[in-house]
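Student: I would like to see how this sequence folds:
(chains A, B and C)
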Amino acid sequence: MALHDQTRKTASGDTSKAGSRDSSKAASGDSGGIASRLLGWYDAHHRDLPWRIAPRDVLRGIRPDPYRVWLSEVMLQQTTVEAVKSYFRAFVGKWPDVEALAAASTEDVMKAWAGLGYYSRARNLKACADLVARQGGRFPATESGLKELPGIGAYTAAAIAAIAFDHPAAVVDGNVERVVSRLFSIATPLSEAKAEIRAFVERMVPQARPGDFAQAMMDLGATICTPRRPRCMLCPLREDCSAILAGDPERFPVRLPKAEKPLRRGAAFVAVRADGAILLRKRAEKGLLGGMTEVPTTGWTARVDGATTDAAAPFPADWRPAGRIGHVFTHFALELDVFKTATESAAPAGHFWSLAHEISGEALPTVMKKVIEAAIPGATKKQRPL
DNA sequence: CATCCGTGGTC
DNA sequence: TGACCAAGGAT
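Tutor: Okay, the predicted model is just below:
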(Lines give C-alpha, C1' and ligand atoms only; values in the text may rest on other atoms or scores of the structure.)
Protein backbone atom coordinates (compact mmCIF):
# COMPACT_ATOMS: atom_id res chain seq x y z
CA MET A 1 0.00 0.00 0.00
CA ALA A 2 1.10 3.55 -0.60
CA LEU A 3 2.20 5.26 2.54
CA HIS A 4 1.57 8.70 1.16
CA ASP A 5 -2.11 7.92 1.11
CA GLN A 6 -2.04 7.74 4.89
CA THR A 7 -0.53 11.10 5.65
CA ARG A 8 -2.27 13.29 8.18
CA LYS A 9 -2.00 16.77 9.44
CA THR A 10 -0.37 16.84 12.81
CA ALA A 11 -0.73 19.20 15.73
CA SER A 12 2.31 21.16 14.68
CA GLY A 13 0.69 21.83 11.34
CA ASP A 14 3.11 19.96 9.12
CA THR A 15 2.32 16.86 7.18
CA SER A 16 3.82 13.49 7.95
CA LYS A 17 6.38 12.52 5.41
CA ALA A 18 5.68 9.55 3.25
CA GLY A 19 8.30 6.88 3.57
CA SER A 20 9.73 4.32 5.89
CA ARG A 21 9.54 4.69 9.64
CA ASP A 22 13.20 5.53 10.06
CA SER A 23 13.12 8.50 7.70
CA SER A 24 12.97 12.17 8.47
CA LYS A 25 13.48 11.99 12.20
CA ALA A 26 14.41 15.63 12.40
CA ALA A 27 11.04 16.97 11.30
CA SER A 28 8.70 17.95 14.04
CA GLY A 29 5.67 15.72 14.30
CA ASP A 30 7.05 12.87 12.24
CA SER A 31 6.70 9.28 13.31
CA GLY A 32 10.31 8.73 14.34
CA GLY A 33 10.11 11.77 16.58
CA ILE A 34 6.99 10.44 18.18
CA ALA A 35 8.72 7.18 19.04
CA SER A 36 11.71 9.02 20.47
CA ARG A 37 9.63 11.30 22.63
CA LEU A 38 7.51 8.40 23.80
CA LEU A 39 10.53 6.27 24.73
CA GLY A 40 12.07 9.17 26.61
CA TRP A 41 8.88 9.53 28.58
CA TYR A 42 8.73 5.79 29.19
CA ASP A 43 12.28 5.72 30.58
CA ALA A 44 11.23 8.22 33.23
CA HIS A 45 7.59 7.30 33.87
CA HIS A 46 7.11 3.62 33.06
CA ARG A 47 5.07 1.53 35.45
CA ASP A 48 6.81 -1.19 37.44
CA LEU A 49 4.83 -4.36 36.86
CA PRO A 50 5.50 -7.90 38.07
CA TRP A 51 5.97 -9.26 34.55
CA ARG A 52 7.96 -6.36 33.19
CA ILE A 53 11.71 -5.81 32.76
CA ALA A 54 12.52 -2.17 33.51
CA PRO A 55 13.81 -0.21 30.50
CA ARG A 56 17.23 0.33 32.07
CA ASP A 57 17.63 -3.44 32.30
CA VAL A 58 16.34 -3.98 28.77
CA LEU A 59 19.01 -1.56 27.59
CA ARG A 60 21.59 -3.69 29.42
CA GLY A 61 20.48 -6.61 27.28
CA ILE A 62 18.26 -8.36 29.78
CA ARG A 63 15.34 -10.03 28.04
CA PRO A 64 12.03 -10.92 29.66
CA ASP A 65 11.07 -14.57 30.00
CA PRO A 66 8.71 -15.38 27.08
CA TYR A 67 6.65 -17.57 29.43
CA ARG A 68 5.98 -14.66 31.75
CA VAL A 69 5.27 -12.30 28.86
CA TRP A 70 2.82 -14.77 27.36
CA LEU A 71 1.11 -15.48 30.67
CA SER A 72 0.73 -11.80 31.50
CA GLU A 73 -0.53 -10.89 28.04
CA VAL A 74 -3.22 -13.57 28.10
CA MET A 75 -4.30 -12.46 31.56
CA LEU A 76 -4.37 -8.84 30.43
CA GLN A 77 -6.76 -9.51 27.55
CA GLN A 78 -9.71 -7.24 28.34
CA THR A 79 -8.61 -7.22 31.96
CA THR A 80 -7.16 -4.43 34.07
CA VAL A 81 -3.59 -4.44 35.33
CA GLU A 82 -4.72 -4.27 38.94
CA ALA A 83 -6.94 -7.32 38.57
CA VAL A 84 -4.13 -9.29 36.92
CA LYS A 85 -1.30 -8.67 39.37
CA SER A 86 -2.32 -11.10 42.11
CA TYR A 87 -3.32 -13.79 39.61
CA PHE A 88 0.01 -13.45 37.81
CA ARG A 89 1.95 -13.84 41.04
CA ALA A 90 -0.12 -16.86 42.04
CA PHE A 91 0.38 -18.53 38.65
CA VAL A 92 4.15 -18.04 38.44
CA GLY A 93 4.40 -19.15 42.07
CA LYS A 94 2.56 -22.39 41.33
CA TRP A 95 3.85 -22.91 37.80
CA PRO A 96 7.18 -21.10 37.29
CA ASP A 97 7.66 -22.24 33.71
CA VAL A 98 5.69 -23.60 30.78
CA GLU A 99 6.63 -27.19 31.55
CA ALA A 100 5.20 -26.84 35.05
CA LEU A 101 1.98 -25.42 33.67
CA ALA A 102 1.80 -28.21 31.10
CA ALA A 103 2.14 -30.73 33.92
CA ALA A 104 -0.77 -29.19 35.83
CA SER A 105 -4.34 -30.43 35.42
CA THR A 106 -6.82 -28.30 33.52
CA GLU A 107 -9.02 -28.40 36.61
CA ASP A 108 -6.30 -26.84 38.77
CA VAL A 109 -5.73 -24.15 36.15
CA MET A 110 -9.44 -23.35 36.07
CA LYS A 111 -9.49 -23.11 39.85
CA ALA A 112 -6.55 -20.74 39.84
CA TRP A 113 -8.22 -18.65 37.13
CA ALA A 114 -11.57 -18.43 38.94
CA GLY A 115 -12.67 -14.81 39.32
CA LEU A 116 -10.58 -13.42 36.48
CA GLY A 117 -13.28 -13.92 33.85
CA TYR A 118 -13.31 -15.01 30.20
CA TYR A 119 -12.69 -18.59 31.21
CA SER A 120 -11.94 -19.86 27.72
CA ARG A 121 -8.63 -18.07 28.24
CA ALA A 122 -7.73 -20.51 30.99
CA ARG A 123 -8.56 -23.53 28.84
CA ASN A 124 -6.59 -22.11 25.91
CA LEU A 125 -3.73 -21.22 28.24
CA LYS A 126 -3.42 -24.82 29.33
CA ALA A 127 -3.74 -26.11 25.75
CA CYS A 128 -1.06 -23.65 24.63
CA ALA A 129 1.27 -24.69 27.45
CA ASP A 130 0.85 -28.34 26.43
CA LEU A 131 1.77 -27.54 22.82
CA VAL A 132 4.77 -25.41 23.72
CA ALA A 133 6.06 -27.94 26.25
CA ARG A 134 5.77 -30.66 23.64
CA GLN A 135 7.88 -28.55 21.29
CA GLY A 136 10.73 -28.36 23.78
CA GLY A 137 9.39 -25.60 26.00
CA ARG A 138 10.24 -22.76 23.65
CA PHE A 139 7.67 -20.31 22.34
CA PRO A 140 7.78 -19.45 18.64
CA ALA A 141 9.69 -16.20 18.14
CA THR A 142 7.63 -14.91 15.22
CA GLU A 143 4.20 -13.33 15.10
CA SER A 144 2.91 -15.91 12.65
CA GLY A 145 4.20 -18.80 14.73
CA LEU A 146 2.73 -17.37 17.91
CA LYS A 147 -0.62 -16.65 16.32
CA GLU A 148 -1.12 -20.34 15.56
CA LEU A 149 -1.22 -21.15 19.25
CA PRO A 150 -4.55 -21.33 21.10
CA GLY A 151 -5.53 -18.13 22.85
CA ILE A 152 -3.01 -16.03 20.94
CA GLY A 153 -4.53 -13.64 18.42
CA ALA A 154 -3.17 -10.70 16.49
CA TYR A 155 -2.60 -8.48 19.48
CA THR A 156 -1.00 -11.06 21.77
CA ALA A 157 1.22 -12.45 19.01
CA ALA A 158 2.54 -8.97 18.26
CA ALA A 159 3.00 -8.15 21.93
CA ILE A 160 5.01 -11.30 22.66
CA ALA A 161 7.09 -10.86 19.49
CA ALA A 162 7.92 -7.27 20.42
CA ILE A 163 8.36 -7.57 24.19
CA ALA A 164 9.94 -10.99 24.50
CA PHE A 165 11.76 -11.28 21.17
CA ASP A 166 12.53 -7.66 20.28
CA HIS A 167 10.75 -7.81 16.94
CA PRO A 168 9.37 -4.54 15.50
CA ALA A 169 5.79 -5.80 15.53
CA ALA A 170 2.82 -3.44 15.42
CA VAL A 171 1.15 -3.92 18.78
CA VAL A 172 -2.41 -2.59 18.65
CA ASP A 173 -4.62 -2.87 21.69
CA GLY A 174 -7.37 -0.67 23.08
CA ASN A 175 -4.86 1.78 24.52
CA VAL A 176 -3.02 2.12 21.24
CA GLU A 177 -6.27 2.57 19.36
CA ARG A 178 -7.19 5.43 21.66
CA VAL A 179 -3.77 7.11 21.53
CA VAL A 180 -3.52 6.86 17.75
CA SER A 181 -7.10 7.92 17.09
CA ARG A 182 -6.39 11.06 19.12
CA LEU A 183 -2.96 11.72 17.65
CA PHE A 184 -4.49 11.80 14.17
CA SER A 185 -8.10 12.76 14.97
CA ILE A 186 -9.45 9.65 13.32
CA ALA A 187 -13.18 10.20 12.98
CA THR A 188 -13.93 6.77 11.56
CA PRO A 189 -15.81 4.65 14.12
CA LEU A 190 -13.43 2.35 15.92
CA SER A 191 -14.79 -0.87 14.50
CA GLU A 192 -14.01 0.33 10.98
CA ALA A 193 -10.76 2.14 11.77
CA LYS A 194 -8.64 -0.85 12.76
CA ALA A 195 -6.67 -1.09 9.54
CA GLU A 196 -6.09 2.66 9.43
CA ILE A 197 -4.82 2.67 13.01
CA ARG A 198 -2.58 -0.32 12.37
CA ALA A 199 -1.02 1.47 9.42
CA PHE A 200 -0.14 4.43 11.62
CA VAL A 201 1.38 2.15 14.26
CA GLU A 202 3.43 0.30 11.67
CA ARG A 203 4.95 3.62 10.65
CA MET A 204 5.69 4.62 14.22
CA VAL A 205 7.33 1.42 15.49
CA PRO A 206 11.07 2.04 15.91
CA GLN A 207 13.65 -0.54 14.88
CA ALA A 208 15.34 -0.02 18.23
CA ARG A 209 13.43 -0.95 21.41
CA PRO A 210 10.20 -2.09 19.78
CA GLY A 211 9.15 -3.90 22.95
CA ASP A 212 9.56 -0.82 25.10
CA PHE A 213 7.76 1.20 22.45
CA ALA A 214 4.77 -1.11 22.64
CA GLN A 215 4.69 -1.00 26.41
CA ALA A 216 5.18 2.75 26.35
CA MET A 217 2.14 3.21 24.11
CA MET A 218 0.08 1.14 26.51
CA ASP A 219 1.41 2.94 29.58
CA LEU A 220 0.62 6.24 27.94
CA GLY A 221 -2.92 5.11 27.23
CA ALA A 222 -3.35 3.76 30.74
CA THR A 223 -1.94 6.70 32.68
CA ILE A 224 -2.06 9.82 30.47
CA CYS A 225 -4.21 9.31 27.39
CA THR A 226 -7.06 7.84 29.43
CA PRO A 227 -10.58 7.30 28.07
CA ARG A 228 -11.97 10.13 30.15
CA ARG A 229 -10.24 13.31 31.27
CA PRO A 230 -6.87 12.63 29.65
CA ARG A 231 -3.92 14.36 31.32
CA CYS A 232 -2.83 16.13 28.17
CA MET A 233 -0.64 18.64 30.03
CA LEU A 234 1.61 15.75 31.08
CA CYS A 235 1.65 14.04 27.69
CA PRO A 236 4.99 13.71 25.90
CA LEU A 237 3.09 13.75 22.59
CA ARG A 238 0.94 16.82 23.21
CA GLU A 239 2.77 18.75 20.49
CA ASP A 240 2.05 15.92 18.05
CA CYS A 241 -1.60 15.49 18.92
CA SER A 242 -4.24 16.57 16.47
CA ALA A 243 -7.07 15.99 18.95
CA ILE A 244 -5.58 18.49 21.41
CA LEU A 245 -5.36 21.04 18.62
CA ALA A 246 -9.01 20.40 17.83
CA GLY A 247 -9.74 21.06 21.47
CA ASP A 248 -11.54 17.89 22.47
CA PRO A 249 -9.38 14.78 22.89
CA GLU A 250 -12.22 12.93 24.62
CA ARG A 251 -14.12 12.95 21.34
CA PHE A 252 -11.78 10.23 20.11
CA PRO A 253 -11.96 7.37 19.52
CA VAL A 254 -15.41 7.46 17.97
CA ARG A 255 -17.46 4.47 19.03
CA LEU A 256 -20.71 3.10 17.68
CA PRO A 257 -23.64 3.09 20.12
CA LYS A 258 -23.77 -0.05 22.19
CA ALA A 259 -26.59 -2.57 22.16
CA GLU A 260 -28.80 -2.70 25.21
CA LYS A 261 -28.37 -5.54 27.64
CA PRO A 262 -31.45 -7.68 28.16
CA LEU A 263 -32.35 -8.85 31.66
CA ARG A 264 -32.51 -12.58 32.31
CA ARG A 265 -33.91 -14.18 35.42
CA GLY A 266 -33.61 -17.52 37.10
CA ALA A 267 -33.33 -19.31 40.42
CA ALA A 268 -30.31 -20.85 42.15
CA PHE A 269 -30.35 -23.57 44.79
CA VAL A 270 -27.89 -23.81 47.66
CA ALA A 271 -28.09 -27.14 49.47
CA VAL A 272 -26.00 -27.20 52.62
CA ARG A 273 -25.13 -30.12 54.87
CA ALA A 274 -24.80 -29.87 58.63
CA ASP A 275 -20.99 -30.04 58.23
CA GLY A 276 -21.07 -27.01 55.94
CA ALA A 277 -20.60 -28.83 52.63
CA ILE A 278 -22.39 -27.33 49.59
CA LEU A 279 -23.84 -29.14 46.60
CA LEU A 280 -22.12 -28.16 43.35
CA ARG A 281 -21.90 -29.25 39.75
CA LYS A 282 -19.73 -28.50 36.72
CA ARG A 283 -20.94 -26.45 33.78
CA ALA A 284 -20.54 -27.53 30.16
CA GLU A 285 -17.05 -27.04 28.74
CA LYS A 286 -18.11 -24.48 26.18
CA GLY A 287 -20.21 -21.35 26.30
CA LEU A 288 -20.94 -19.06 29.19
CA LEU A 289 -18.71 -19.80 32.21
CA GLY A 290 -17.56 -22.89 30.31
CA GLY A 291 -15.95 -25.55 32.46
CA MET A 292 -16.55 -23.65 35.67
CA THR A 293 -18.34 -24.83 38.79
CA GLU A 294 -21.83 -23.73 39.87
CA VAL A 295 -24.64 -24.43 42.26
CA PRO A 296 -27.72 -25.94 40.57
CA THR A 297 -29.83 -23.29 38.82
CA THR A 298 -32.79 -23.04 36.52
CA GLY A 299 -32.26 -21.83 33.00
CA TRP A 300 -31.55 -18.11 32.97
CA THR A 301 -34.63 -17.01 31.13
CA ALA A 302 -37.07 -18.86 33.34
CA ARG A 303 -39.89 -17.21 35.22
CA VAL A 304 -39.37 -17.36 38.91
CA ASP A 305 -42.46 -18.78 40.51
CA GLY A 306 -43.40 -21.79 42.58
CA ALA A 307 -43.78 -24.15 39.66
CA THR A 308 -40.41 -23.29 38.12
CA THR A 309 -38.64 -23.56 41.41
CA ASP A 310 -39.93 -27.00 42.28
CA ALA A 311 -39.32 -28.40 38.83
CA ALA A 312 -35.77 -27.13 38.50
CA ALA A 313 -34.37 -27.85 41.94
CA PRO A 314 -31.79 -30.66 42.01
CA PHE A 315 -34.08 -32.64 44.30
CA PRO A 316 -37.28 -32.07 46.24
CA ALA A 317 -36.62 -30.36 49.52
CA ASP A 318 -37.81 -27.62 51.82
CA TRP A 319 -36.37 -24.82 49.69
CA ARG A 320 -36.52 -21.48 51.49
CA PRO A 321 -35.98 -18.06 49.85
CA ALA A 322 -32.51 -16.70 50.69
CA GLY A 323 -32.43 -13.44 48.80
CA ARG A 324 -31.74 -12.28 45.26
CA ILE A 325 -28.45 -11.43 43.58
CA GLY A 326 -27.72 -9.42 40.46
CA HIS A 327 -24.83 -9.82 38.07
CA VAL A 328 -23.95 -8.15 34.78
CA PHE A 329 -22.27 -10.13 32.03
CA THR A 330 -20.89 -8.75 28.80
CA HIS A 331 -24.13 -9.00 26.89
CA PHE A 332 -26.89 -9.48 29.45
CA ALA A 333 -27.80 -8.76 33.05
CA LEU A 334 -28.90 -11.55 35.34
CA GLU A 335 -31.07 -11.73 38.44
CA LEU A 336 -31.11 -14.96 40.39
CA ASP A 337 -33.50 -15.73 43.22
CA VAL A 338 -31.57 -17.79 45.72
CA PHE A 339 -33.12 -20.73 47.57
CA LYS A 340 -31.54 -22.64 50.41
CA THR A 341 -32.20 -25.92 52.15
CA ALA A 342 -30.53 -28.10 54.77
CA THR A 343 -30.12 -31.72 53.79
CA GLU A 344 -28.02 -34.82 54.34
CA SER A 345 -28.94 -36.45 51.03
CA ALA A 346 -26.43 -38.09 48.74
CA ALA A 347 -25.35 -35.97 45.79
CA PRO A 348 -27.63 -36.44 42.76
CA ALA A 349 -26.07 -37.64 39.51
CA GLY A 350 -23.71 -35.04 38.07
CA HIS A 351 -23.44 -33.18 41.38
CA PHE A 352 -20.90 -33.35 44.20
CA TRP A 353 -20.54 -32.14 47.75
CA SER A 354 -17.79 -29.58 48.26
CA LEU A 355 -16.50 -29.57 51.82
CA ALA A 356 -16.63 -26.31 53.72
CA HIS A 357 -12.87 -25.75 53.63
CA GLU A 358 -12.71 -26.58 49.90
CA ILE A 359 -15.33 -24.12 48.69
CA SER A 360 -12.96 -21.15 48.44
CA GLY A 361 -10.69 -23.21 46.18
CA GLU A 362 -13.40 -24.33 43.77
CA ALA A 363 -13.57 -22.96 40.22
CA LEU A 364 -16.47 -20.70 41.12
CA PRO A 365 -17.14 -17.70 38.90
CA THR A 366 -18.05 -14.50 40.68
CA VAL A 367 -21.77 -14.80 40.04
CA MET A 368 -21.78 -18.15 41.85
CA LYS A 369 -19.83 -16.75 44.77
CA LYS A 370 -22.53 -14.09 45.05
CA VAL A 371 -25.22 -16.79 45.11
CA ILE A 372 -23.47 -18.81 47.80
CA GLU A 373 -22.73 -15.72 49.87
CA ALA A 374 -26.40 -14.77 49.75
CA ALA A 375 -27.35 -18.13 51.23
CA ILE A 376 -24.36 -18.69 53.54
CA PRO A 377 -22.43 -15.50 54.34
CA GLY A 378 -18.68 -16.15 54.48
CA ALA A 379 -18.85 -19.58 52.85
CA THR A 380 -16.65 -18.66 49.88
CA LYS A 381 -14.06 -16.78 51.91
CA LYS A 382 -10.80 -18.48 52.69
CA GLN A 383 -11.13 -18.02 56.41
CA ARG A 384 -14.65 -18.87 57.20
CA PRO A 385 -15.98 -17.56 60.48
CA LEU A 386 -17.57 -20.24 62.59
C1' DC B 1 -18.09 -9.45 10.20
C1' DA B 2 -21.16 -9.86 14.36
C1' DT B 3 -21.69 -12.16 18.39
C1' DC B 4 -20.31 -14.36 22.41
C1' DC B 5 -17.47 -14.40 26.35
C1' DG B 6 -16.54 -11.82 33.03
C1' DT B 7 -15.14 -8.86 36.06
C1' DG B 8 -14.00 -4.85 38.75
C1' DG B 9 -12.58 -0.04 38.79
C1' DT B 10 -13.70 4.61 37.62
C1' DC B 11 -16.29 8.90 37.47
C1' DT C 1 -25.12 5.26 40.51
C1' DG C 2 -25.02 3.34 36.51
C1' DA C 3 -22.59 3.66 32.27
C1' DC C 4 -18.30 2.95 30.44
C1' DC C 5 -14.70 0.04 29.32
C1' DA C 6 -9.86 -2.66 30.02
C1' DA C 7 -2.85 -5.21 27.38
C1' DG C 8 -8.91 -9.57 22.75
C1' DG C 9 -9.88 -14.32 20.88
C1' DA C 10 -12.79 -17.75 18.84
C1' DT C 11 -16.31 -18.83 15.88
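Student: residues contacting the residue of chain A at minimum distance from DNA strand C?
Tutor: Per CB to the nearest atom of the strand, A:Gly153 is where chain A lies closest to DNA strand C, at 2.6 Å. Placement of C-beta: from N, CA and C, glycine included. Contacts for A:Gly153 were tallied using CB atoms under 8 Å, 6 or more residues apart in numbering; they are A:Lys147.
Student: Write out the residues of chain A neighbouring DNA strand B.
Tutor: A:78-80, A:82-83, A:115-120, A:191, A:226, A:228-229, A:259, A:287-290, A:327-331, A:365-367 (CB under 7 Å from any atom of the strand).
Student: Apply the buried test to these and list what passes.
Tutor: Neighbour counting with 16 or more other CB atoms under 10 Å marks A:116-117, A:119, A:288-289, A:327, A:365, A:367 as buried within the residues of chain A next to DNA strand B.
Student: Any figure for the gap between the residue of chain A closest to DNA strand C and A:Leu49?
Tutor: To A:Leu49, A:Gly153 is 21 Å away according to CB to CB, to the nearest Å.
Student: And for A:Leu149?
Tutor: When A:Leu149 is compared with A:Leu49 (using CB to CB), they lie 23 Å apart.
Student: Likewise for A:Leu256?
Tutor: 32 Å.
Student: next one: A:Arg178
Tutor: The spacing between A:Arg178 and A:Leu49, counted by CB to CB, is 19 Å.
Student: Of the two, which one has the most company?
Tutor: A:Arg178 (24 against 16; other CB atoms under 10 Å).
Student: got a list of what that one touches?
Tutor: When contacts are counted by CB under 8 Å, 6+ apart, A:Arg178 touches A:221, A:225, A:227, A:252-253.
Student: Now with 6 Å, please.
Tutor: Applying CB atoms under 6 Å, 6 or more residues apart in numbering to A:Arg178 gives the contacts A:221, A:253.
Student: and it, what element?
Tutor: helix A:174-183 (DSSP states H and E).
Student: any idea which helix or strand comes after the one helix or strand A:Leu280 maps to?
Tutor: A:Leu280 belongs to strand A:278-282 when elements are defined using DSSP H and E. The helix or strand immediately downstream of strand A:278-282 is strand A:293-294, counting by DSSP H and E.
Student: partner strands of that next one, parallel or antiparallel?
Tutor: Under the criterion DSSP bridges, strand A:293-294 sits next to strand A:278-282 (antiparallel) in its sheet.
Student: neighbouring contacts of the strand it pairs with?
Tutor: Outside strand A:278-282, the residues that touch it by CB under 6 Å, 6+ apart are A:271-272, A:293, A:350-352, A:354, A:359.
Student: Of the residues you listed, grab the buried ones for PyMOL.
Tutor: A single PyMOL command suffices to select whichever of the contacts of strand A:278-282 are buried according to 16+ other CB under 10 Å:
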select buried, chain A and resi 271+272+293+351+354+359
